[in-house]
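S.K.: Dropping a prediction and its sequence here:
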Amino acid sequence: MRQRHRTLRLLASLLLVTAVGASLTGATPAPPAATPLDRVIPAPASVAPGGSPYRITDRTRIRVDDSREARRIGGYLADVLRPSTGYRLPVTTHGDGGIRLRLAKGPYGDEGYRLDSGRGGVTVTAGRPAGLFHGVQTLRQLLPAAVEKDSVQPGPWLIAGGTVEDTPRYAWRGAMLDVSRHFFGVDEVKRYIDQLALYKFNKLHLHLSDDQGWRIAIDSWPRLATYGGSTEVGGGPGGYYTKADYKEIVRHAAARHLEVVPEIDMPGHTNAALASYAELNCDGVAPPLYTGTQVGFSSLCVPKEITYDFVDDVVRELAALTPGRYLHIGGDEAHSTPHADYVTFMDRAQATVAEYGKTVVGWHQLTGATPVRGAVAQYWGLDGTGAAEKEQVARAARNGTGIVLSPADRLYLDMKYDAGTPLGLSWAGYVEVRRSYDWDPGTYLPGVPASAIRGVEAPLWSETLENSGHIEYMAFPRLPGVAELGWSPAATHDWDRYKVRLAAQGPRWEALGIGYYRSPQVPWPAAG
Ligand code: TNX
């Protein structure tokens, strides 16, 4: 027995000697190196690599300030790390070393952070909880992709040594989900929110009403949801969020530092409402529910006073469900509303939003009416959009209207990647990954002062999309590029370097169960 032990030990040390020898000569692969600090998406503002990596072990603690926010973010990080590391990772206010999350005064802004990593520990410092949360996402991406799995993995769990100092270029980094054309349940929306959080998005715009479905319960007009929400494109069962459901979405988003921007699209895109209440129609006759995909045929009845009772009730109830600053009133493709009526309607609807304490957001057609002070216009034109329309938007921007950029031929996640894409539409052309990423929001619209650009948003319209698998196939791999356009300094923008960082995300998506489009433009590692 003794003898056998000794032989084993001898064998083991022999093996060790040969292994070390081999790795010195480069014969066996070196142990996995830590992910370089600049391998993150969105690219950080500044990175200074150096020193030893930190290694998460079974003794690592997550040390937080004694504040509710820091504890909550510590708990979130622990929830990400525990399943794959198998470590206990207690969240505590005591001790030293380990992973430290601290809130402190400093040059971090509302969403920035600093990450310092070395042999003794990793510290994320931010001025505000949102910055701490974004710093945690950087830390997460610095760990191997396997950290995203829900079963114990071998590690090692290294975080490269050095310092990241980071802050966003734009305050508005949004994603829109159309829950009207096809309805997505609370769990599907939460899943998308979790994916958005990984890339430091901070707005989730929910397109809650359209011709094909009304998706939010309004107590004073109950048939909007129960009847107007009872179908969807293709005739499926549709659905709607109860107020409790909706609050759960808002809570889940807020816990990930995303603000929900609810949209009720008016005065066009309103067939579901018009079908639910005959009195909202100019002729007093309710049209049938609609399950097709045409646009531009419906309009609220601008001359009827009951229209404004409706707008008032809906905006009041929705504002009460909305802790965020913004309420989106649509305003696009009102092709069945005479222009003078459109202007009248948008004036009154904007006043109602202000009355309930919210800031107006509208699609950029709002700039053809009279945007109120502080309003935000969401631009969804194309390269080919006429100069007059672009100039109308630019003029509004020079007069103080904020601009969120969602160019359809760049950021519409429902556009097909190429002719072979099985889902999506192609009215704005095909949008491959490079096209989606390779432009500059700062110089995109001629005549718009840089200070008017609030940021970017990626809409995902759901005419052809029915479940999370569909959402993910269209969003990935384009979504992280939108995040980078919104967050990273223009100086870091470089397709050839970006595509390498993007490729490195593939295994992370596989670990998360995200089925993505393996674009031929991206040098993916082998699958599996
Ligand atoms: C245009 S963009 C629309 C939507 C469609 C989308 C499909 C905008 C404000 N309106 O009604 O769903 O195209 O890509």
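M.R.: Noted; the coordinates are in hand.

S.K.: Get me the contact residues on the protein for the ligand.
M.R.: Where proximity means CB under 6 Å from any ligand atom, the interface of the chain facing the ligand comprises 295, 332, 333, 363, 380, 412, 414, 425, 461, 463. Using the backbone N, CA and C atoms, a C-beta is placed for each residue, glycine as well.

S.K.: For the second one, give me its contacts.
M.R.: The contact partners of residue 332, taken as CB atoms under 8 Å, 6 or more residues apart in numbering, are 265, 268, 269, 363, 364, 365, 380.

S.K.: any chance of the residues you listed in CSV, with secondary structure and pLDDT too?
M.R.: As requested, the contacts of residue 332 are exported to CSV (DSSP: H, G, I helix; E, B strand; the rest coil; pLDDT from 0 to 100):
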residue, secondary structure, pLDDT
265, strand, 98
268, coil, 98
269, coil, 98
363, strand, 98
364, helix, 98
365, helix, 98
380, coil, 98
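
S.K.: Serialize the residues you listed to JSON lines and add fields for distance to residue 66.
M.R.: Formatted as JSON lines, the contacts of residue 332 follow (distance: CB to CB, whole Å):
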{"residue": "265", "distance to residue 66": "45"}
{"residue": "268", "distance to residue 66": "52"}
{"residue": "269", "distance to residue 66": "49"}
{"residue": "363", "distance to residue 66": "45"}
{"residue": "364", "distance to residue 66": "46"}
{"residue": "365", "distance to residue 66": "50"}
{"residue": "380", "distance to residue 66": "45"}
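
S.K.: Next step: the residues of the chain next to the ligand restricted to strands.
M.R.: residue 363 (DSSP state E).

S.K.: Return the members of the residues of the chain next to the ligand classed as buried.
M.R.: Of the members of the residues of the chain next to the ligand, the ones counted as buried by neighbours, 16 or more other CB atoms under 10 Å, are 332, 333, 363, 380, 412, 414, 461, 463.

S.K.: can you tell me which two in those are farthest apart?
M.R.: The most widely separated members of those are 363 and 463, with 16.9 Å between them, by CB to CB.

S.K.: Which residue does the stretch 301-450 of the chain have closest to the ligand?
M.R.: Shortest the stretch 301-450 of the chain-to-the ligand distance, computed as CB to the nearest ligand atom: residue-wise this is residue 332, at 3.5 Å.

S.K.: I'd like the mean pLDDT over stretch 455-471, please.
M.R.: The predicted model gives stretch 455-471 an average pLDDT of 98.

S.K.: Buried residues in that stretch, which are they?
M.R.: 455-466, 468, 470-471.

S.K.: Would you check that residue 92 makes contact with residue 60?
M.R.: No: under the criterion of CB atoms under 8 Å, residue 92 is not in contact with residue 60, lying 11.0 Å apart.

S.K.: residues in contact with stretch 134-141?
M.R.: Counting contacts by CB under 8 Å, 6+ apart, the residues touching stretch 134-141 from outside are 35, 39-41, 44, 73, 76-77, 80, 99, 101, 111-115, 122, 124-126, 147, 159, 164, 166, 197-200, 257, 508.

S.K.: In helices, which of those appear?
M.R.: Among these, the ones falling in helices (DSSP state H) are 73, 76, 77, 80, 197, 198, 508.

S.K.: and residue 84, how many neighbours does it have?
M.R.: Neighbour count for residue 84, taken as other CB atoms under 10 Å: 22.

S.K.: What helices and strands are in contact with the helix or strand where it lies?
M.R.: Residue 84 is part of helix 68-85 when elements are defined by DSSP states H and E. Based on contacts counted as 3 or more CB pairs under 8 Å, 6 or more residues apart in numbering; DSSP states H and E, the elements that helix 68-85 packs against are strand 62-64, strand 91-92, strand 98-103, helix 129-142.

S.K.: Distance check, residue 484 against the ligand.
M.R.: For residue 484, the distance to the ligand (CB to the nearest ligand atom, to the nearest Å) stands at 22 Å.

S.K.: Tell me where the model's unsure across the stretch 101-250 of the chain.
M.R.: Residues of the stretch 101-250 of the chain meeting the criterion pLDDT under 70: none.

S.K.: if we can go back for a sec, tell me the buried residues in the helix holding residue 84?
M.R.: Quick answer for helix 68-85 (16+ other CB under 10 Å): 69-74, 76-78, 80-81, 84-85.

S.K.: What of stretch 502-519?
M.R.: 502-512, 514, 516-517, 519.

S.K.: chain center to stretch 93-109: distance?
M.R.: Here the centre of stretch 93-109 is set off from its chain's centre by 26 Å, with CA atoms, centre = their mean, to the nearest Å.

S.K.: Just the terminal-to-terminal distance for that stretch.
M.R.: Taking CA to CA, to the nearest Å, the span from the opening residue of stretch 93-109 to its closing residue is 24 Å.

S.K.: Can you list the neighbours in contact with that stretch?
M.R.: Contacting residues not belonging to stretch 93-109 are listed as 56, 60-67, 69-70, 73-74, 77, 114, 120-129, 131-132, 135-136, 139, 167-168 [CB under 8 Å, 6+ apart].

S.K.: among the residues you listed, which ones are buried?
M.R.: In terms of neighbour count (16+ other CB under 10 Å), the buried residues within those are 56, 60-65, 69-70, 73-74, 77, 114, 121-129, 131-132, 135-136, 139, 167-168.

S.K.: residues touching the residue nearest to residue 177 when sequence neighbours are not counted, list them.
M.R.: In this structure, residue 177 finds its nearest non-sequential neighbour in residue 460, 5.5 Å apart by CB to CB, 6 or more residues apart in numbering. When contacts are counted by CB under 8 Å, 6+ apart, residue 460 touches 175, 176, 177, 178, 412, 413, 414, 471, 474, 475.

S.K.: Please report how far residue 460 lies from residue 62.
M.R.: Per CB to CB, to the nearest Å, residue 460 is found 34 Å from residue 62.

S.K.: What lies in contact with stretch 285-298?
M.R.: Contacting residues not belonging to stretch 285-298 are listed as 181, 211-212, 227-228, 230-235, 268-272, 274-278, 281, 333-336, 463 [CB under 8 Å, 6+ apart].

S.K.: Buried subset of these, written for ChimeraX?
M.R.: Those of the contacts of stretch 285-298 that count as buried under 16+ other CB under 10 Å are selected in ChimeraX with:
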select :181,211,212,227,228,230,231,232,233,268,269,270,271,272,274,275,276,277,281,333,334,463
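
S.K.: In helices, which of the contacts of stretch 285-298 fall?
M.R.: Residues from those lying in helices, with DSSP H as the criterion: 271, 272, 274, 275, 276.

S.K.: export the residues you listed to TSV and tack on pLDDT?
M.R.: As requested, the ones in helices among the contacts of stretch 285-298 are arranged in TSV below (pLDDT from 0 to 100):
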residue	pLDDT
271	98
272	98
274	98
275	98
276	98
